[in-house]
Structures are given as C-alpha cells and as structure tokens.
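A.B. asks: Predicted structure and sequence below. I'll ask about it afterward.
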Amino acid sequence: MHINPALKHYIESQIFPKYDKYYSHGILHINNVIQNCLMLAESYNLDPNMSYVMASYHDVGLDIGRDNHEYTSGQVLINDQNLKQFFSSEQLNIMKEAIEDHRGSRKEPPRNFYGKILSDSDRDFDITVLAKRQLATSIKNYPEYHTFPQHFERCYQYIMNRLNQDGNFNLWTNHPILIKRRTEFQSHYLDKPYTESIYKQEWDHIIAANLLDKIKNYYEDY
Ligand SMILES: [Fe+2]
Ligand SMILES: [Fe+2]
C-alpha cells in the first residue's frame, strides 16, 4: 500500500530509532505490526498512512514501564507536532485511541476499528517470536525469578489466561488470515512440552549470549 514518502521518511528517521534500545519490542516487532496493519487496512479499506503511523508509535512509551504504556505511547503520538502536517486532529485522535486500546489483555473491544486492527496486528502467532519477546519481558519485570522453570511457568500461565470462553486467543476482527495463523499457533502452543522446548532454546540463547544483564540493565523496554 502507498505511504506518503515524506511521512515515511519522518517516521523512519525520527521514530524508528527510539526502538533501538528496546529488546522485546525492537524494530523487528514494530515492522511485524506494521506489515499486519497494512494487510488489514487493505482488506478493510482503511487509511494506509494512519495504519502505518499508529503501528509505528504503539509501543514507543515502553521505557516508562509496562503498565499504562498504551497511554504513554498515545501521548507521544498526540504531542508530536510534526504529525499535524499530515493528519487532521480527528485522525490523530482516532490513532491515539487505537494505541490506547491495543493491549491484548483488554477485555472490552477497542473504541474504534483502527484499534481493533492494531490490537490484532500485535498478536504473536509464532512461538519462537513469542518466546523471545515474553522471556525478555519476564526477565525485565520479574527480577525475583532466576530460573528457566520460574520464567516459563509464568509466561505460559500468562498466555493461557488469555484464552477466551471459546478456548481461543481473542481476535477483534476475525480476519481469515489471522484466524488461520491462530489455529496453527494454538495447535502447537497447547502442547506444553513442545512449547517449553522452544522457550528453553531461547533461554539457552539468552544465557549463552550473555544477554541476561543486558536485558535487565541496558535495554529500556519493559
Ligand atoms: Fe504494547
Ligand atoms: Fe506491540
């Protein structure tokens, strides 16, 4: 989909570098969310520039802390004077609300449809990606845990608590491509020994690459 080149240049040069000091929410994650958002925007005839921008800002406030990072990120967007040359205040407000409503733990539906596509785009229906992101988040937020079994059990329970009444990980849009990804993901994830083995590989990598202290003390995302 076509993105305004001046807008793209601004985001790539001024916003993406903010993710350099983020580990589990680094630019790889942001790019995944952007790709998903643009795919959904095309499907549902939404504004590609708005979809691109809200995805680019959605986790930028994670250096303040994990709790309420959706509001901090929304504030970064709404206080960014440069965006006013590209969007109306109504568009900016829709993107701010979408960012504020993006978290997967949210029980009520996002207030607008951009929030639904952003939240669905933020799902990691890939165990390897999830293992990398979740273990790092756990290491950063639970310094009282020291062993792999402690972190794995916490991560696994956290994800299992996300299952809705139908036994599925929630999606707001039910887009067929996401449903397909979710079905494949769930069939593997619910096999706990298999999932544990993938998380263990990631844990071993963190230890071998000496990333434990770096995740705790160097990277700034929670
Ligand atoms: Fe987030
Ligand atoms: Fe995210």
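C.D. replies: Looks like it arrived, so ask away. Numbers count the residues shown, from 1 in each chain. Ligands and ions are numbered 1, 2, ... in the order given.
A.B. asks: Need the pLDDT of residue 1.
C.D. replies: pLDDT for residue 1: 85.
A.B. asks: residue contacts, it?
C.D. replies: Residues in contact with residue 1, defined by C-beta atoms under 8 Å, 6 or more residues apart in numbering, are 38, 41-42, 48. C-beta: built from backbone N, CA, C; applies to glycine.
A.B. asks: Of these, which is the most crowded?
C.D. replies: residue 41 (21 neighbours; other C-beta atoms under 10 Å).
A.B. asks: element containing that one, please.
C.D. replies: helix 27-43 (DSSP states H and E).
A.B. asks: Identify the residues contacting the next helix-or-strand element following that helix?
C.D. replies: Beyond helix 27-43 in the direction of the C-terminus, DSSP H and E gives the next helix or strand as helix 48-57. Contacts with helix 48-57, where a contact means C-beta under 8 Å, 6+ apart, come from 1-4, 7-8, 11, 15-16, 30, 33-34, 36-38, 40-42, 73-74, 76-77, 80, 83, 86-87, 91, 94-95, 98-99, 114, 117-118, 121.
A.B. asks: still on that earlier bit, reformat the contacts of residue 1 as a markdown table; add pLDDT and distance to ligand 2.
C.D. replies: Output for these, formatted as a markdown table (pLDDT from 0 to 100; distance: C-beta to the ion, whole Å):
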| residue | pLDDT | distance to ligand 2 |
| --- | --- | --- |
| 38 | 98 | 15 |
| 41 | 98 | 17 |
| 42 | 98 | 20 |
| 48 | 98 | 19 |
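A.B. asks: Pick the one among those closest to residue 206.
C.D. replies: residue 38 (31.2 Å; C-beta to C-beta).
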